[in-house]
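K.L.:
attaching a predicted model along with its sequence, questions to come.
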Amino acid sequence: MRICITGGTGSLGQALVRRLLKDGAERIVVLSRDEVKQARMAEELGDPPPMRWMLGDVRDRDRLEAALWGCEVVIAAAALKRVDAVSGHPDELMKTNILGIYNTIHAAIAVGVKKVLVISSDKAVAPLNLYGASKFFAEQMAVTSNRYAWPRGTYVGAVRWGNVLGSRGSAAHVFRRQALLGQPLTITDLDMTRFIITMDEAVDFCLSALVGLRGGEIFVPVLPAARVFDLALAAAEVWNGLTTSPALLIGRRLGGEKLHEVLLSEDEVPRTLRQCLFDPPAVRYVIPPPLHDWNSAAIWAGTSLPPDFSYTSGTTDRRLSVADLIPLLKAMPEEAW
């Protein structure tokens, strides 16, 4: 495989690079704008022959075309992610999270990349904040761009998931830092829940989505959920040896924060399919494109969901306890880039 990862020095990008090196990828191009992280990654990895390091920004289409030349696949992971930080800077958010995806898709088409996978978020479903709105827009571009990408041999799709343990956006790292310093763990709401996916599971899901990508799909994993307060209790035990957590209720963050995550909207449920995979065994949901005139003969395999199906972190019956969360936290990397 010859692959480019935009935002490849981020936590997900690094995990993907390590997996792809292990799997014997022919070429791995990391495009990011942080030369320090690139140098650090190259040093840690030993700068193996498949690696190509390119400084650049997804806002620059010419640089993207140079990075994608000769690649078969691009995973679009570059994004501004801090909800609180980007809320006051919608223009910068638009340039990276929306224009950046637009540039990535069009650069991929221009140089003949076969598959483009956009990394989305649960916050794209009925968005409450600017970050979620930008991810919703990116998803829609990933779907509708197939009208002109598919006839040229480029298939574009997206993956959507929730809280990735081990990523910079995970509350687990905040709790870790607070627990090690002996500080109260900051909780926004005692009833708040979040879907949980490990970094290894996120990497597996990306690679499996690439295999099944036919153009215009949004792939959604089947995930367990946990109360954020239980995550804090587990963090206190793992990193501070406490069986109870001194919690500080701070209220929900400015800019829009949901009590429960939603991975499928009510409008998406009627056209969502449940797919069973066999190599490796797994179950996932796929949302086929609502308009697929670029591939009118396509039929997506899978079973329909019940009309009353609900996929939120507050209603799922797959719930992780404190005891379940402890080994997941212990397996997390000590630092998230």
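P.N.:
Ah, there it is.

K.L.:
which stretches in the stretch 201-337 of the chain count as helices?
P.N.:
Counting by DSSP state H, counting those that start in this stretch, the stretch 201-337 of the chain has helices at residues 228-240, 322-330.

K.L.:
any idea which of these gets closest to residue 299?
P.N.:
Relative to residue 299, the nearest member of the helices of the stretch 201-337 of the chain by CB to CB is helix 322-330, separated by 37.4 Å. (Each C-beta comes from the backbone N, C-alpha and C, glycine too.)

K.L.:
send me that closest one as PDB with only the CA atoms.
P.N.:
Taking Å, rounded to 0.1, in the frame of the first residue of the first chain, the C-alpha atoms of helix 322-330 are listed here in PDB:
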ATOM      1  CA  VAL A 322     -15.000   1.100  36.400                       C
ATOM      2  CA  ALA A 323     -13.500  -2.400  36.500                       C
ATOM      3  CA  ASP A 324     -13.800  -2.500  32.700                       C
ATOM      4  CA  LEU A 325     -12.100   0.900  32.200                       C
ATOM      5  CA  ILE A 326      -9.100   0.300  34.400                       C
ATOM      6  CA  PRO A 327      -7.200  -2.100  32.000                       C
ATOM      7  CA  LEU A 328      -8.000   0.200  29.100                       C
ATOM      8  CA  LEU A 329      -6.500   3.200  30.900                       C
ATOM      9  CA  LYS A 330      -3.400   1.200  31.900                       C
END
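
K.L.:
list the buried residues of that helix.
P.N.:
Within helix 322-330, the residues that qualify as buried are 322, 325-326, 328-329, counting by 16 or more other CB atoms under 10 Å.

K.L.:
cool, and stretch 22-29?
P.N.:
Counting neighbours by 16+ other CB under 10 Å, stretch 22-29 gives 25, 27-29 as buried.

K.L.:
ok, stretch 162-176 next?
P.N.:
Buried residues in stretch 162-176, counted by 16+ other CB under 10 Å: 162-167, 169-173, 175-176.

K.L.:
do you know which of the helices of the stretch 201-337 of the chain lies nearest residue 199?
P.N.:
Proximity to residue 199 (CB to CB) singles out helix 322-330 among those, at 10.2 Å.

K.L.:
residues making contact with that closest one?
P.N.:
165, 172, 176, 196, 198, 224, 226, 230-231, 233-235, 237-239, 320 (CB atoms under 8 Å, 6 or more residues apart in numbering).

K.L.:
count the residues that sit near residue 217.
P.N.:
A total of 25 residues lie near residue 217 under the criterion other CB atoms under 10 Å.

K.L.:
quick one, what contacts it?
P.N.:
Residue 217 makes contact with 143, 157-158, 209, 286-289, 300 under the criterion CB under 8 Å, 6+ apart.

K.L.:
nearest residue to the residue nearest to the spatial centre of the chain other than its sequence neighbours?
P.N.:
Closest residue to the average C-alpha location of the chain: residue 119 at 4.6 Å, with CA atoms, centre = their mean. Leaving out its chain neighbours, the residue that sits closest to residue 119 by CB to CB, 6 or more residues apart in numbering is residue 77, at 4.8 Å.

K.L.:
my read is that that neighbour contacts residue 5, right?
P.N.:
Yes: applying CB atoms under 8 Å as the test, residue 77 and residue 5 come out as touching, 5.9 Å apart.

K.L.:
so for those two, which residue has more residues nearby?
P.N.:
Set side by side, residue 77 and residue 5 show more neighbours around residue 5, with 29 against 22, by other CB under 10 Å.

K.L.:
how close does that one sit to residue 252?
P.N.:
Distance of residue 5 to residue 252, computed by CB to CB, to the nearest Å: 33 Å.

K.L.:
cool, residue 217 as well?
P.N.:
32 Å.
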